[in-house]
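*Asks:* Return atomic coordinates for the entry below.
(one chain, ligands or ions: 1)
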Amino acid sequence: MLNLVLFGPPGAGKGTQSQLLIDKYKLIHLSTGDLLRNEISNGTPLGLEAKKIMDEGQLVPDEVVIGMINNMLDKGKDAKGFIFDGFPRTVAQAEALDNLLESRQMSISGMIALIVDEDELEKRLLSRGKDSGRPDDANQEIIRKRIQEYKSKTTPVANYYDKQDKLQSIKGVGSIEEIAESIDKVIASY
Ligand code: B4P
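*Replies:* Numbers count the residues shown, from 1 in each chain. You can find the predicted model right below:
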């Protein structure tokens, strides 16, 4: 199985690259951001709770996203593998993911981190906000809050995988095709 963690700050291109990878490698895409937005559009109690937190640019509680991933892993038992996009975002989530996978005789093949500077991230997210309707992309203050959350809570996740010799970083600036090629090279090395 190919179980990939696509990592990077908000706007790094995780969602964009995931779309290419699911087609190419026939993987199941698990984006906690998409799963949460689904809950919001369906008006579920979980969605109502998550909306307030996401609109402020903060991370939703670990137990909420871990529960969602647990359910989704069961639905994809016969898959060729998974892309984890936007998850894990805290060390507690990374530990929980390792446990969830181990209990299913699975493991993470590797983490690919997309490196993009802050000015570029802000530019991309503000530009997406013009037509995405996503409240968390709508203004600079919220975007900066998300980047701040990433720096304080999410960057330690890269060290977590580095300690397991599973981290590889690539440049996330350039054309979408160029970045996809760099990702392919890393996958070929597994
Ligand atoms: P996410 O949905 O994961 O959103 P994101 O971090 O903004 O990444 P996204 O995938 O959307 O951006 P991408 O880089 O593809 O999270 C949203 C919120 O949900 C979080 O803030 C949090 O509140 C909550 N949440 C989600 N997961 C959670 C978890 N595990 N724990 C707790 N809370 C969680 O694309 C950005 C833009 O860049 C696009 O417009 C794209 O077209 C453009 N782009 C991509 N590649 C480009 C390139 N090479 N050049 C130029 N533009 C590019």
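
*Asks:* Please list the outside residues in contact with the helix or strand where Lys130 lies.
*Replies:* Here Lys130 sits within helix 118-132, counting by DSSP states H and E. Identification of contacts with helix 118-132 by CB atoms under 8 Å, 6 or more residues apart in numbering yields 9-12, 134, 137-140, 143-144, 146-147, 173. To be clear about C-beta, it is placed using only N, CA and C from the backbone, and glycine gets the same treatment.

*Asks:* Please list which of these are also close to the ligand.
*Replies:* With CB under 6 Å from any ligand atom as the criterion, the contacts of helix 118-132 include Pro10, Gly11, Ala12, Arg146 near the ligand.

*Asks:* right, and out of those, which lies closest to Ala188?
*Replies:* Ala188 lies nearest to Ala12 out of those, by CB to CB, at 21.4 Å.

*Asks:* re earlier: for PyMOL, write the select line for the buried members of the contacts of helix 118-132.
*Replies:* Those of these that count as buried under 16 or more other CB atoms under 10 Å are selected in PyMOL with:
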select buried, resi 9+10+11+12+137+138+143+146+147
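
*Asks:* related to what we said a few turns ago, alpha carbons of the helix holding Lys130, in PDB - could you do that?
*Replies:* These are the backbone C-alpha positions of helix 118-132, laid out as PDB (Å, rounded to 0.1, in the frame of the first residue of the first chain):
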ATOM      1  CA  GLU A 118       4.400  33.200   3.600                       C
ATOM      2  CA  ASP A 119       3.800  36.000   1.000                       C
ATOM      3  CA  GLU A 120       3.000  33.400  -1.700                       C
ATOM      4  CA  LEU A 121       0.600  31.600   0.700                       C
ATOM      5  CA  GLU A 122      -1.300  34.800   1.500                       C
ATOM      6  CA  LYS A 123      -1.500  35.700  -2.200                       C
ATOM      7  CA  ARG A 124      -2.900  32.200  -3.200                       C
ATOM      8  CA  LEU A 125      -5.500  32.100  -0.400                       C
ATOM      9  CA  LEU A 126      -6.700  35.600  -0.900                       C
ATOM     10  CA  SER A 127      -7.000  34.900  -4.600                       C
ATOM     11  CA  ARG A 128      -9.000  31.600  -4.000                       C
ATOM     12  CA  GLY A 129     -11.200  33.500  -1.500                       C
ATOM     13  CA  LYS A 130     -12.500  35.800  -4.200                       C
ATOM     14  CA  ASP A 131     -14.500  33.000  -5.700                       C
ATOM     15  CA  SER A 132     -14.400  30.000  -3.300                       C
END
